[in-house]
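Enquirer: The amino acid sequence is not available; the structure is as follows:
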């Protein structure tokens with residue numbers, strides 16, 4: 001298997017129904033062999049997400065309880081069989097050609113990890129999202145980049161790619177289930193001295209339906225930043241490989 005695409009989903013059946021057929025058709029013209037893994041994070045949708053997955057002949061994994069995006073991504077990445085693995089959001093918010101760029105830098109340029117960075121000059125993203133979300137994201141990523149993942153200004157961009165063995169290493173020791181899981185993965189990767197490439201991204205959609213609420217999730221995300229440091233001090237990120 002060349003490529004695995006992991007799509008964490010929570011109540012995203014309609015977005016998957018709309019986006020998956022076009023995305024699959026595009027992948028068939030670009031990748032020799034691929035798998036798409038939809039991980040349903042305990043959606044109470046009467047099986048709608050599973051139905052969409054089956055209609056599109058993609059792999060479906062269901063978590064019985066809602067545990068968080070981090071848990072869904074982790075389960076999907078560890079179940080994946082691809083030599084290269086990418087996760088992104090269920091509505092596939094970025095232009096499809098980002099997948100080609102990610103594979104190029106991981107495969108041909110031999111980077112261990114490639115991450116989208118919405119703050120790169122070539123990116124087209126922040127001009128299309130609401131002011132409150134833009135402000136909240138800017139504050140959080142500044143804090144993280146200054147104190148947790150020094151030098152990385154955008155840890156929360158919803159598309160990241162990994163070599164298969166690197167994904168196994170990182171996600172087998174990751175602990176966080178919530179939205180700060182991206183920070184944790186990059187933190188561990190930096191401690192492992194993995195080579196990370198930042199890539200520009202282009203937003204496909206003008207709607208803003210992020211499941212992240214600044215008021216609701218910010219306190220938990222900040223607590224998670226302290227958990228990352230604590231887990232590192234306690235040796236909980238030691239490699240299992």
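Expert: Here it is on my side, so go on. Computed from a predicted model, the values in this text were never measured in an experiment.

Enquirer: Distance from the chain centre to the helix ranked longest in the chain, please.
Expert: Counting by DSSP state H, the longest helix found in the chain is helix 214-233. Centre-to-centre, helix 214-233 and its host chain are 18 Å apart (Cα atoms, centre = their mean, to the nearest Å).

Enquirer: following the least confident helix or strand in the chain by mean pLDDT, which helix or strand comes up?
Expert: Lowest on mean pLDDT, DSSP states H and E among the helices and strands of the chain sits helix 131-147, with a mean of 66. The helix or strand immediately downstream of helix 131-147 is strand 159-163, counting by DSSP states H and E.

Enquirer: Now tell me what touches that next one from outside.
Expert: With Cβ atoms under 8 Å, 6 or more residues apart in numbering as the test, strand 159-163 has contacts from 77, 83-89, 94, 98, 102-103, 105-106, 112-116, 170, 182, 185, 201. To be clear about C-beta, it is placed using only N, CA and C from the backbone, and glycine gets the same treatment.

Enquirer: Only the buried residues of the longest helix of the chain, if you could.
Expert: 217, 221, 224-225, 228, 231 (16 or more other Cβ atoms under 10 Å).

Enquirer: now it: mean pLDDT?
Expert: Mean pLDDT, computed over helix 214-233, is 80.

Enquirer: Then stretch 160-176?
Expert: For stretch 160-176, mean pLDDT rounds to 97.

Enquirer: mind checking the end-to-end distance for that stretch?
Expert: Terminal residues of stretch 160-176 lie 17 Å apart, using Cα to Cα, to the nearest Å.

Enquirer: Over to stretch 58-74?
Expert: OK, stretch 58-74 end separation, Cα to Cα: 18 Å.

Enquirer: Report the buried residues of it.
Expert: The neighbour-count check on stretch 58-74 (16+ other Cβ under 10 Å) flags 58-63, 66-74 as buried.

Enquirer: quick one, strands of this structure?
Expert: 3-9, 34-41, 59-63, 84-88, 113-116, 159-163, 196-199 (DSSP state E).

Enquirer: Just give me how far stretch 144-162 sits from the chain centre.
Expert: A distance of 11 Å separates the centroid of the chain from that of stretch 144-162, by Cα atoms, centre = their mean.

Enquirer: Mind listing what's buried along that stretch?
Expert: Residues of stretch 144-162 classed as buried by neighbour count (16+ other Cβ under 10 Å): 144-145, 148-149, 152-162.

Enquirer: one step back: check which helices and strands the longest helix of the chain sits against.
Expert: Applying 3 or more Cβ pairs under 8 Å, 6 or more residues apart in numbering; DSSP states H and E, one finds that helix 214-233 contacts helix 131-147, helix 181-191.

Enquirer: which residues touch residue 41?
Expert: Each residue near residue 41 by Cβ under 8 Å, 6+ apart is listed here: 8-10, 63, 66-69, 71-72.

Enquirer: switch to 10 Å and redo it
Expert: Counting by Cβ atoms under 10 Å, 6 or more residues apart in numbering, residue 41 makes contact with 8-12, 49, 61-63, 65-73, 75, 90, 177, 211.
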